[in-house]
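Q: Sequence first, then the predicted structure, then my questions.
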Amino acid sequence: LAVIPYFLFMSSMIIGRLTYSRIKGSRSDKEMVQPFVVMGGAIFLISLFLGLELKETNLYLGYAIFCIGSLLCGIGISFVGPLFFGYASARSDKPGGVAIAELGAVNQVLTLGARSIISVVAGIASLPIALIIPGVALILVAFFVAAASQPKK
């Protein structure tokens with residue numbers, strides 16, 4: 001039962017990545033990704049706090065709200081990966097495959113570091129407090145999208 005939000009998040013992230021080009025249409029990548037990541041992060045944080053608040057009076061409603069927030073957060077983050085890989089290929093002097101491989105390696109190291117920090121915070125404080133970190137990080141991705149979309153100097 002505890003893994004359902006994760007499965008919803010991952011499923012919506014996969015579906016979002018597979019349907020990105022259809023959803024995007026004629027809009028620019030920046031126009032698509034920035035609102036989605038901000039809304040995804042905000043919805044995740046709101047559903048986290050609302051779910052925690054409601055669990056005292058209605059456990060199932062609080063859990064359902066958090067599950068819906070996780071689902072929508074997955075859609076919000078789903079467009080970021082392909083966008084950053086495209087930016088890395090376009091901005092690098094190296095062949096596209098090398099740039100993507102380097103970005104993938106950096107991504108793995110950063111993911112390990114972030115998961116380590118989140119798990120330590122969850123152990124020291126609580127899981128809901130630790131989940132604030134990825135929610136805020138998702139909102140901050142919008143600023144990285146703006147920086148990465150700038151032309152290469």
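A: Cool, the structure landed. Numbers count the residues shown, from 1 in each chain.

Q: isn't Leu83 right next to Val145, touching?
A: Yes - with the criterion set as C-beta atoms under 8 Å, Leu83 and Val145 qualify as a contacting pair; they are 6.8 Å apart. (C-beta placed from N, C-alpha, C; glycine too.)

Q: list the residues that contact both of the two?
A: Both Leu83 and Val145 are contacted by Asp29, Val33, under the criterion C-beta atoms under 8 Å, 6 or more residues apart in numbering.

Q: Low-confidence stretches in this protein?
A: Within the chain, the ranges that satisfy pLDDT under 70 run 150-153.

Q: In it, which residue is most central in space?
A: For the chain, the residue nearest the mean C-alpha position is Ile77 (3.5 Å; C-alpha atoms, centre = their mean).

Q: Does Gly76 touch Ser47 like I think?
A: No - the pair Gly76 and Ser47 fails to qualify as a contact (C-beta under 8 Å) at a distance of 11.8 Å.

Q: Looking at those two, which one has more neighbours?
A: Neighbour totals were compared for Gly76 and Ser47, and Gly76 leads with 26 against 23 (other C-beta atoms under 10 Å).

Q: so who does the more buried one touch?
A: Under the contact definition (C-beta under 8 Å, 6+ apart), the residues listed for Gly76 are Phe36, Val37, Val38, Met39, Gly40, Gly41, Ile43, Phe44, Leu138.

Q: list the contacts for the residue nearest to the last one when sequence neighbours are not counted?
A: In this structure, Leu138 finds its nearest non-sequential neighbour in Gly41, 3.4 Å apart by C-beta to C-beta, 6 or more residues apart in numbering. Gly41 sits next to Cys73, Gly76, Gly135, Val136, Ala137, Leu138, Ile139, Leu140, Val141 when contact means C-beta under 8 Å, 6+ apart.

Q: The fourth one - how many residues pack around it?
A: Residues lying near Val136 (other C-beta under 10 Å) number 13.

Q: Hmm, Leu48 and it touching each other?
A: No - with the criterion set as C-beta under 8 Å, Val136 and Leu48 do not qualify as a contacting pair; they are 11.1 Å apart.

Q: Name the member of the contacts of Gly76 with the most neighbours.
A: Using other C-beta under 10 Å as the neighbour definition, the contacts of Gly76 reach their maximum at Gly40, which records 30 neighbours.
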